[in-house]
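Student: sequence first, then the predicted structure:
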Amino acid sequence: MADAFVSFAVKKLGDFLIQEINLLTSLREDIQWLRNELLFMQSFLRDAELKQCGDQRIQQWVFEINSIANDSVAILETYTFEAGKRVSRLKACACICKKEKKLYNVTKEIQSLKKQIMDIARKRETYGITNINSNAGEGPNNQSAMVRTLRRTTSYVDDQDYIFVGFQDVVQTLLAQLLRPEPRRSVVSIYGMGGLGKTTLARNLYTSPNIVSSFPKRAWICVSQEYNTTDLLKTIIKSIQGRTKGTLELLGTMTEGDLEFHLRDLLKECKYLVVVDDVWQREAWESLKRAFPDGKNGSRVIITTRKEDVAERADDRGFVHKLRFLSQQESWDLFLRKLLDIRAMVPEMESLAKDMVEKCRGLPLAVVVLSGLLSHKKGLNEWQKVKDHLWKNIKEDKSIEISNILSLSYNDLSTALKQCFLYFGIFPEDQVVEADNIIWLWMAEGFIPRGERMEDVAESFLNELIRRSLVQVANTFWEKVTECRVHDLLHDLAIQKALEVNFFDVYDPTSHSISSVCIRHVIHSQGQRYPSLDLSNLKLRSIMVFDPHFRNVFQHIDMFRHLYVLYLNIKYGGVVPDSIGSLYHLKFLSLRGIDELPSSIGNLKNLQTLVVNEVDYTFQLPRKTADLINLRHLVAQYSEPLVHISKLTSLQVLKGVGCDQWKYVDPVDLVNVRELGMGYIKRSYSLNNISSLKNLSTLTLVCKNYDESFPSLEFVNSCQKLQKLWLEGRIDKLPNLFLSSITMMVLRFSVLKEDPMPILGMLPNLRNLDLFRAYEGKEIMCSDNSFSQLEFLILYDLENLETWHLGTSAIPLIKGLRIHDCPNLKEIPERMKNVELLKRNYTW
């Protein structure tokens, strides 16, 4: 991890030398010298990282190298920014003088860095840091090999239920408590130490089909050690009411008392289930429970906590369950279940593994992380090294400290994967993170090597962290991870390791302070005073704000001109100032709560990702957005037509666009678009030009309302690379589909008159099919040889369906089935009765 900053600087220096071909010879030589010295220093950083623990001198040496690397990048970025501004006034005589002055300043600053590096070189000899070549192969070529290996071998595996080895009886016991006929609102408390699987158990209950069908209103909140009752109440209300503009504006005006009253009013007439996850203090539950009315209708609350007293005192007549440790056999079964290649485990390796698993003392998190670590170690010698390392810190009669396993797993990561893992520490504890967001942030930060499509490489990195059990899957859709999280203990590890290398720092409102040497600043709460700090001389790379009450970072936005990432909320109805256009290096911009963006947004030529609002209302997107030539991801519900969107030839993801805007678009040049999400579709519009998107693989189309019909959908057959199709709205007649590429399909509110199965059954590679209020008929027919690849089928809210005819050879590969709200379906085919019922909703 220690060489990450230097590696980034070396790349930047090399790119700069290639791009700036007209540099003065002396300046070019200085920059080349600086690059070579940093490259040389990089080879010693691995050894320094191993030695720096507990040695302040070496820690300081590493810190000084990282500082020089960051300063190098900042100097070049300043020069590039000023050079860009000079282009428009190149003929001005005064500009020549300014140019010479700027060049002089750059030369002077580079000379200063050279002196610092010479001093650092002397310190290396003093501190005895030698190049042990522990990872000499991790240069560009080896990095590429690593990426190729990940892309080839790492895919997402749905392991949500892995923790329930041996816990099936617990699930049934708790389900019985939640579904018992007792009308009084009651609390089910689950407690136990960190790593036992309390949250995973609660999630399994929350998504159980029996629970989903029994509780019309459900909500989930994470409390954690630092909590704000007002924000928790708002989270529950938003999960019940939705994130509409009206709801958000209303909540912004409410006091804690108002919110409590409003939530009680929402829940008083309905049967609800609320999960209150990760409660550390009794006061947290006491501050919330008044908002949960007892309507005598069987409502329930689930609490998870590490504290026995919190569980015991939550409800005098509630049910308390202490989560037990796994038995030795259950631990071994769980280890094998997570091991990637059991066949490669020879008897000697099995003996080693059993010793290590036994020392985990039945803690599931320790078992799965150990299994993930050993899965990436080849051969008996490598497994022996892991055991030797762990055994250093334990006595024969003691268990392995889970912190040792977690640290060992972290240290086993490549530099790129370490950076990606540490980034999870930036997010608040227990926060669910959107997979797209974390992937796009990694790209903006420069963690993802260029070569193959960066989104694919970043996704493989995420899947690798999941394989190693360092990251948990929170949600999936269409066989991809859509949301993820890290366990509390791993979140603590990420923060600890990040602090060691100054990777990021979190604003401390009690002392009104934040590190001046970290290039990433994070504001979790009470950040109103953060902008009043002296930030003018900092070369910040990222500012990430998770405080919903934070408002005024834009006050002096122009002093953050080195920013790559800006991620924040502002007051709804707020306006972004024109000065945002000065953030020339910005690659990731996420804003919530704005009505419009200024035209200066077009200056952000390096921007890769623009995410705006993420709520159900539109805003104004200026025409200058079409000047964002490097934009790859645009997620924004905007109201004005973006006539020149075809100029965005780098665009890969476009979501939130309305049909009113799309009708003005000529998409012939949008050759890189892979994912398109469009709403407000009317029957009177033509969608035929979508067929021009030659690389489109995911398409989501939503009509303006449920009574609106789609125009002709024949164009779908021209999208030769289309794999995933979501259609929400009335379909007068389903076209004959003959695309062999489609693997996933959702039809919602289609209210088809004719049975869709004969057409859908002929799609040769269809694996997932969800029908939600899609058909009004009484019969469906799956004839022989139809649905030859179908694995998962959901039939939801087909009110009139009475009969399901199934041919002998139809749907031969079915793995999962869900039938919900089909009250008149008399019987499912005999062969389907043994198919596993889907435990959670795979679609919405």
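Tutor: Cool, got the structure. For clarity, every value in this text was computed on a predicted model and none was experimentally measured. Numbering: from 1, shown residues only.
Student: which helix or strand contains the spatially closest residue to L583 that is not a sequence neighbour?
Tutor: Excluding its sequence neighbours, the residue lying closest to L583 (Cβ to Cβ, 6 or more residues apart in numbering) is L563, at 5.3 Å. Using the backbone N, CA and C atoms, a C-beta is placed for each residue, glycine as well. Counting by DSSP states H and E, there is no helix or strand that carries L563.
Student: what's the burial count for L670?
Tutor: Residues near L670, counting by other Cβ atoms under 10 Å, number 23.
Student: same question, C782
Tutor: The burial count for C782: 23, using other Cβ under 10 Å.
Student: my guess is it meets G761, correct?
Tutor: Yes: between C782 and G761 a contact is recorded at 5.9 Å, counting by Cβ atoms under 8 Å.
Student: what is in contact with these two at once?
Tutor: A810 (Cβ atoms under 8 Å, 6 or more residues apart in numbering).
Student: ok, M832 - contacts?
Tutor: Contact analysis of M832 by Cβ under 8 Å, 6+ apart lists 804, 806, 814, 817.
Student: and it, how far from F738?
Tutor: Distance check for M832 against F738: by Cβ to Cβ, to the nearest Å, it reads 27 Å.
Student: again with C719
Tutor: Distance from C719 to F738, by Cβ to Cβ: 12 Å.
Student: neighbour count: the two, which is higher?
Tutor: Neighbour tally, C719 and F738, criterion other Cβ under 10 Å: the higher count belongs to C719, 22 against 12.
Student: show the pLDDT at the more buried one.
Tutor: If you check C719, the pLDDT there is 93.
Student: one more: the one 10 residues further on?
Tutor: The predicted structure scores G729 at 94 on the pLDDT scale.
Student: list the contacts for it?
Tutor: 681, 701-704, 706, 708-710, 748-750.
Student: tell me the two of those that are most distant?
Tutor: K704 and S750 (15.1 Å; Cβ to Cβ).
Student: comparing these two, which residue is more hemmed in?
Tutor: Legend: neighbour count by other Cβ under 10 Å for K704 and S750, higher for S750 (24 against 16).
Student: residue contacts, that one?
Tutor: Applying Cβ under 8 Å, 6+ apart, the residues near S750 are 727, 729-731, 734, 756, 771, 773-775.
Student: is it within a helix or a strand, and which one?
Tutor: Using DSSP H and E, no helix or strand contains S750.
Student: tell me how far it lies from L535.
Tutor: From S750 to L535 the distance is 53 Å (Cβ to Cβ).
Student: next: Y706.
Tutor: Using Cβ to Cβ, Y706 is found at 49 Å from L535.
Student: run through the bridge partners of F619.
Tutor: Legend: beta-bridge partners of F619 under DSSP bridges are Y638.
Student: my guess is it contacts R592. True?
Tutor: No: between F619 and R592 there is no contact under Cβ under 8 Å: 10.5 Å.
Student: shared neighbours of those two, which are they?
Tutor: Common neighbours of F619 and R592, using Cβ under 8 Å, 6+ apart, are 612-613.
Student: what's the domain layout of the chain?
Tutor: 4-136, 167-322, 326-411, 743-844 (automatic domain parsing).
Student: worst average pLDDT in the ones you listed?
Tutor: domain 4-136 (a mean of 65).
Student: just to revisit the earlier point, can you redo the contacts of S750 as JSON lines with secondary structure and distance to R122?
Tutor: Formatted as JSON lines, the contacts of S750 follow (DSSP: H, G, I helix; E, B strand; the rest coil; distance: Cβ to Cβ, whole Å):
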{"residue": "L727", "secondary structure": "strand", "distance to R122": "68"}
{"residue": "G729", "secondary structure": "coil", "distance to R122": "71"}
{"residue": "R730", "secondary structure": "strand", "distance to R122": "76"}
{"residue": "I731", "secondary structure": "coil", "distance to R122": "74"}
{"residue": "L734", "secondary structure": "coil", "distance to R122": "75"}
{"residue": "P756", "secondary structure": "coil", "distance to R122": "76"}
{"residue": "L771", "secondary structure": "strand", "distance to R122": "72"}
{"residue": "R773", "secondary structure": "coil", "distance to R122": "74"}
{"residue": "A774", "secondary structure": "coil", "distance to R122": "73"}
{"residue": "Y775", "secondary structure": "strand", "distance to R122": "78"}
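Student: can you show me the CA trace of stretch 526-537 as CSV?
Tutor: Extracted C-alpha coordinates of stretch 526-537, given in CSV (Å, rounded to 0.1, in the frame of the first residue of the first chain):
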residue,chain,number,x,y,z
GLN,A,526,-21.8,18.1,12.2
GLY,A,527,-19.7,19.5,9.3
GLN,A,528,-21.1,23.0,9.3
ARG,A,529,-17.8,24.4,10.5
TYR,A,530,-15.5,22.4,8.2
PRO,A,531,-15.3,25.1,5.5
SER,A,532,-14.1,27.6,8.2
LEU,A,533,-10.8,25.6,8.6
ASP,A,534,-7.7,27.0,6.8
LEU,A,535,-7.8,24.7,3.7
SER,A,536,-6.2,27.1,1.2
ASN,A,537,-2.8,25.5,1.0
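Student: closest to C222 among the contacts of S750?
Tutor: Distances from C222 to the contacts of S750, taken by Cβ to Cβ, are shortest for R773, at 32.2 Å.
Student: next up, the contacts around the closest one.
Tutor: When contacts are counted by Cβ under 8 Å, 6+ apart, R773 is found next to 748-751, 796-799.
Student: cutoff 10 Å now
Tutor: By Cβ atoms under 10 Å, 6 or more residues apart in numbering, the residues touching R773 are 706, 728, 747-751, 796-799, 821.
Student: try I811
Tutor: 761, 769, 782, 786-791, 793, 817, 829, 831-832, 835.
Student: and those residues, which of them are buried?
Tutor: Of the members of the contacts of I811, the ones counted as buried by neighbours, 16 or more other Cβ atoms under 10 Å, are 761, 769, 782, 786-788, 790-791, 793, 817, 832, 835.
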